[in-house]
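Asks: one predicted model, sequence on top.
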Amino acid sequence: MNKIGILGAGTWGTAIAILLSDNGHEVTMWSKLEKEAKDLDESRDNIKNLPGAKLPNQIKITLDLKEACSDKDIIVMAVASPYIRVTAKEASPFIKEGQIIVNVSKGLENGTLLTLADVIKEEIPQAEVTVMSGPSHAEEVSRRIPTTIVVGSSCKKTAQYIQDVFMNEVFRVYTSPDIIGIELGGSLKNVIALAAGVIDGLGLGDNTKAALMTRGMAEISRLGMAMGGYMETFSGLSGMGDLFVTCTSKHSRNRNAGFLIGKGYSMEEVAKKVNQAIEGVNTAKAALTLAKKYNVEMPIVEQINLVLFEGKSPEDAVADLLVRDKRKEYSTLEWN
């Protein structure tokens, strides 16, 4: 049995808590919000946004960050991406040297353009920071529906340890040394999922959406490899796997937000209707800035930024993508 602290009591943090409790670990879940903590503690069989899930009675819920961080074998970082830095900063005084942290949040930090693992490392330099990502909606993990993900660590032994802690008969865990690739796949797919939702909202067909997803994966891969990631990662669980589920699932907040945008709703209206963090909106600006920094062409990311922040109509964005200059599908493939 391991002692595990989970920072963040949203849907993903709660699903991870259920998974780890099922595996026989001692789980303490922290929330900064008193109402959220109280509701979770009292409504263990009726969890908001996780229908059908049950929170085991042995999971402890706390408002005390020190209690959630102290004397733990693993700490899971599961707060929304805009709150990663402030949470890591507040937690740092309570975290021991060599503490293993598993980041399961997805996104990039605007301004610094850092991945979330690097943000955590800046605020908690004494910790060993790892990442976990893949096609894994909290709504299904919490109901013990078979799921497969990948954990990334610079240390093989640590990756295998986390694999042992998390893995069970319905939650399969693979390992990888490619932390940057895993993080970029997990964060950038949210931007493409927004665009996929727009396609659905406009009422366009399967052909259009399949093309959008495929070319979106090409954009993610180009930027990811320019930043040090590996092509194998982008064709794997945290790349294509996560992109596919986020672009197509009814559970996807980013796809659902894009759908509403395609239907003509304003960003303010979308935020109210979705009523959860829309990570792709926060990541879109950072992705475009990184594309320019690394001189990588990302036309879908560029167009979704114009739609989100500059008032361009979704119809015009799709039209502009289709009339771009002719080119080969892959620049590395040549005729003999």
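Replies: Good, I have the coordinates. Residues are numbered from 1 along each chain as shown.
Asks: okay, CA-based contacts and neighbour counts for the rest of this
Replies: Noted.
Asks: mind listing what's buried in stretch 198-209?
Replies: Buried residues in stretch 198-209, defined by neighbour count with 16 or more other CA atoms under 10 Å: Val198, Ile199, Asp200, Gly201, Leu202, Lys209.
Asks: right, and the helix or strand after the helix or strand hosting the second one?
Replies: Okay, so that is Ile199. Counting by DSSP states H and E, the element that carries Ile199 is helix 179-201. Toward the C-terminal end, the helix or strand that comes next after helix 179-201 (DSSP H and E) is helix 206-226.
Asks: ok, and what's touching the following helix or strand past that next one?
Replies: The C-terminal neighbour of helix 206-226 among helices and strands, as given by DSSP H and E, is helix 231-234. Contacts with helix 231-234, where a contact means CA atoms under 8 Å, 6 or more residues apart in numbering, come from Asp178, Gly181, Ile182, Gly185, Met217, Ile220, Ser221, Gly224, Met225, Gly239, Met240.
Asks: mean confidence for helix 231-234?
Replies: For helix 231-234, mean pLDDT is 96.
Asks: show the pLDDT at Met217.
Replies: Reported pLDDT for Met217: 96.
Asks: neighbours of the spatially closest residue to it that is not a sequence neighbour, how many?
Replies: Among residues not flanking Met217 along the chain, Met240 sits closest, at 6.8 Å (CA to CA, 6 or more residues apart in numbering). Residues lying near Met240 (other CA atoms under 10 Å) number 25.
Asks: quick one: Met240 and Gly216 touch, right?
Replies: No - using CA atoms under 8 Å, Met240 is not in contact with Gly216; the gap is 9.8 Å.
Asks: buried set for the helix or strand hosting Leu288?
Replies: Assigning secondary structure by DSSP H and E places Leu288 in helix 279-293. If you call a residue buried by 16+ other CA under 10 Å, then helix 279-293 has these buried ones: Glu279, Gly280, Val281, Asn282, Thr283, Ala284, Lys285, Ala286, Ala287, Leu288, Leu290, Ala291.
Asks: what packs against it?
Replies: With contacts taken as 3 or more CA pairs under 8 Å, 6 or more residues apart in numbering; DSSP states H and E, helix 279-293 sits against helix 179-201, helix 299-309.
Asks: how about the CA coordinates for it, as CSV?
Replies: Provided in CSV are the C-alpha atoms of helix 279-293 (Å, rounded to 0.1, in the frame of the first residue of the first chain):
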residue,chain,number,x,y,z
GLU,A,279,-8.1,23.8,-21.6
GLY,A,280,-7.8,24.3,-25.4
VAL,A,281,-8.7,27.9,-25.2
ASN,A,282,-5.8,28.6,-22.7
THR,A,283,-3.4,26.5,-24.8
ALA,A,284,-4.3,27.9,-28.3
LYS,A,285,-2.4,31.2,-27.8
ALA,A,286,0.7,29.5,-26.4
ALA,A,287,0.6,26.9,-29.2
LEU,A,288,0.6,29.6,-31.9
THR,A,289,3.4,31.5,-30.2
LEU,A,290,5.5,28.3,-30.0
ALA,A,291,4.8,27.6,-33.7
LYS,A,292,6.3,31.0,-34.6
LYS,A,293,9.2,30.5,-32.2
